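Participant: Build me a structure from this.
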Amino acid sequence: MTKKFEILGKYIKDLSSETPDIETYLFVKERISKYQLGIDINSKAVKDKLIEINTTFKFEDREKVNKKAYFEIVYSTLVKINDEVKEKKELEKIILCEVQTKIYPDLEKSLLDLLHNSGYPGIKIEKKVDFENLYNQKFN
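Facilitator: Presented below is the predicted three-dimensional model:
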């Protein structure tokens, strides 16, 4: 079986950490365990068989509180799709599942580095993101 895709390049496209003041920092330090990871994936064709995939991780407090910190990373991946991939469904699975599974370790490390360097050293992502499971929930 031939490879369906090849990752030609990957990089951090955008990085954001916002903690407005020391009061917010102290408040967030106590609440950071309540923060949740949000994931957004979009893609666009660059040219024939080349696709740019942007994976956004947002780590934020979704509760209504006045003091919040905000963390976001946009990770861009350039992918070349094999000529044998013809089906839209197969392409969707490559973009939303297979590429994400490959880049996840780098993306998770980048997000954790951002959090640690922003003054929140004890943060861990306990549960790894299972893109296969997310894909199956969405499309099956």
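Participant: Show me what counts as buried in the helix-or-strand element of the chain with minimal mean pLDDT.
Facilitator: Here the helix or strand of the chain ranked lowest by mean pLDDT, DSSP states H and E is helix 131-139, holding a mean of 84. By 16 or more other Cβ atoms under 10 Å, the buried positions in helix 131-139 come out as 131, 135. (Glycine included, C-beta is placed from N, CA and C.)
Participant: C-alpha coordinates for it, PDB please?
Facilitator: The C-alpha coordinates for helix 131-139 follow below in PDB (Å, rounded to 0.1, in the frame of the first residue of the first chain):
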ATOM      1  CA  PHE A 131      -8.700  12.200  16.300                       C
ATOM      2  CA  GLU A 132      -9.900   8.800  15.000                       C
ATOM      3  CA  ASN A 133     -12.600   8.700  17.600                       C
ATOM      4  CA  LEU A 134     -13.500  12.400  17.000                       C
ATOM      5  CA  TYR A 135     -13.800  11.700  13.300                       C
ATOM      6  CA  ASN A 136     -15.900   8.700  13.800                       C
ATOM      7  CA  GLN A 137     -18.300  10.600  16.200                       C
ATOM      8  CA  LYS A 138     -18.700  13.300  13.700                       C
ATOM      9  CA  PHE A 139     -19.200  11.300  10.500                       C
END
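Participant: Per-residue pLDDT of the residue lying closest to residue 139 once chain neighbours are set aside, please?
Facilitator: Excluding its sequence neighbours, the residue lying closest to residue 139 (Cβ to Cβ, 6 or more residues apart in numbering) is residue 92, at 7.4 Å. pLDDT, residue 92: 93.
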